[in-house]
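J.: Okay, structure incoming, though there's no sequence with it:
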């Protein structure tokens, strides 16, 4: 069953499109009702995104809620702080570039109930996400030009990436889907404001040839490490660097220099490794250094 939600995003709207996140508690440590609401969302739910007084976008939730630290695109990120932990989902747009003014265009919205408006018709303070009744949502969809009957079902397989030569079971697909969603967001975070260059070979390549590679394998990361986006991922190309790193044929030293394996390889691969050796890894910094060190000590075949 589809549920409907109103999201107050204000200053964050432009920077965090495609996502919803809110922390568990406020600055005083009190539980945030919007956090409980986001935890109760499901794939296929419809969200109306409000930027200040305007409905700007209608979207559909495409991932189950996951707990994570405040993503980098959101304000005041303090990774590791308990007050910066919260629920996170991905969304995809159904309608964009809207300018529906909630003060003049939505006289039908319920006042003082569980929705976004108080009894006087103003926005409830501090409420990030609130439920909408089906009748209110249907009228909002009409104003947005979105017909409920035309909203396609969420295609689970778009978020489940089959393993080569394997016919995944339903539980396999569930795990793969969560990883695919995580990969999509990590990649988006890394691409934001960055040059389209591989962190290893420094080549400028199309966006489609860059992936969010895990610096330290996901299976080796603690739950806390997986939540810390800035520490676990790098932008790496699919022109060989990603495969060489995963197989331990290249690694990153404590000083950020790329080192190569001495394992015998073909002349062409030898040439590629020589060209990478000595490069400074663009993703190496104080935050990522522990993950690169793990890879150097456990995966590199020096």
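T.: All right, it came through fine. Just so we're clear, the structure is a prediction, and the values are computed from it rather than from any experiment. Numbers count the residues shown, from 1 in each chain.

J.: so how far is the helix or strand encompassing residue 137 from its chain's centroid?
T.: Taking DSSP states H and E as the definition, one finds residue 137 inside helix 134-144. Here helix 134-144 shows a centroid-to-chain-centroid distance of 28 Å under the convention C-alpha atoms, centre = their mean, to the nearest Å.

J.: just checking, what packs against it?
T.: Using 3 or more C-beta pairs under 8 Å, 6 or more residues apart in numbering; DSSP states H and E as the contact criterion, the neighbours of helix 134-144 among helices and strands are strand 4-8, strand 46-51, strand 54-61, strand 100-101. Where you see a C-beta, it was placed from the backbone N, CA and C, and this is true even at glycine.

J.: What strands flank the last one, and is each parallel or antiparallel?
T.: What it means is strand 100-101. With DSSP bridges as the criterion, the sheet partners recorded for strand 100-101 are strand 54-61 (antiparallel).

J.: got the angle between the strand it pairs with and helix 134-144?
T.: With axes from the mean of the first three to the mean of the last three C-alpha atoms, to 10 degrees as the basis, strand 54-61 and helix 134-144 are set at 110 degrees to each other.

J.: Residue 299 is in contact with residue 261, correct?
T.: No - using C-beta atoms under 8 Å, residue 261 makes no contact with residue 299, being 10.4 Å away.

J.: okay, and the common contacts of the two?
T.: Shared contacts of residue 261 and residue 299 (C-beta atoms under 8 Å, 6 or more residues apart in numbering): residue 248.

J.: avg pLDDT for the one helix or strand residue 243 maps to?
T.: Applying DSSP H and E as the criterion places residue 243 in helix 241-246. Within the predicted structure, the mean pLDDT of helix 241-246 is 92.

J.: List the contacts of it.
T.: Counting by C-beta under 8 Å, 6+ apart, helix 241-246 makes contact with 198, 200-201, 211, 213, 236, 250-251, 272-273, 276, 295, 299, all of which sit outside it.

J.: could I get those as CSV with distance to residue 136?
T.: Below are the contacts of helix 241-246 laid out as CSV (distance: C-beta to C-beta, whole Å):
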residue, distance to residue 136
198, 48
200, 51
201, 53
211, 41
213, 44
236, 46
250, 55
251, 55
272, 59
273, 61
276, 57
295, 51
299, 53
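
J.: Which members of those residues occur in helices, if any?
T.: Residues of these located in helices (DSSP state H): 272, 273, 276, 295.

J.: Filter those down to the buried ones.
T.: 272, 273, 276, 295 (16 or more other C-beta atoms under 10 Å).

J.: out of these, who's nearest residue 30?
T.: Distances from residue 30 to those, taken as C-beta to C-beta, are shortest for residue 295 (40.3 Å).

J.: Isn't the closest one up against residue 252?
T.: Yes - taking C-beta under 8 Å as the contact criterion, residue 295 and residue 252 are neighbours in contact, 7.2 Å apart.

J.: Low-confidence regions, the stretch 101-250 of the chain specifically.
T.: 148-194, 223, 227, 229 (pLDDT under 70).

J.: in it, which spans are helices?
T.: In the stretch 101-250 of the chain, helices defined by DSSP state H, counting those that start in this stretch lie at 134-144, 170-191, 223-227, 229-232, 241-246, listed in chain order.

J.: What is the burial count for residue 118?
T.: When neighbours are counted by other C-beta atoms under 10 Å, residue 118 registers 14.

J.: residues contacting it?
T.: Listed by C-beta under 8 Å, 6+ apart, the contact partners of residue 118 are 111, 112, 124.

J.: From residue 35, how far off is it?
T.: Remark: distance between residue 118 and residue 35 (C-beta to C-beta, to the nearest Å) = 20 Å.

J.: picking that back up, okay, the helices and strands packed on helix 134-144 in TSV with distance to residue 27 and mean neighbour count next?
T.: Conversion of the helices and strands packed on helix 134-144 to TSV gives the following (distance: least, C-beta to C-beta, whole Å; neighbours: other C-beta atoms under 10 Å):
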stretch	distance to residue 27	mean neighbour count
strand 4-8	17	24
strand 46-51	22	22
strand 54-61	27	21
strand 100-101	30	14
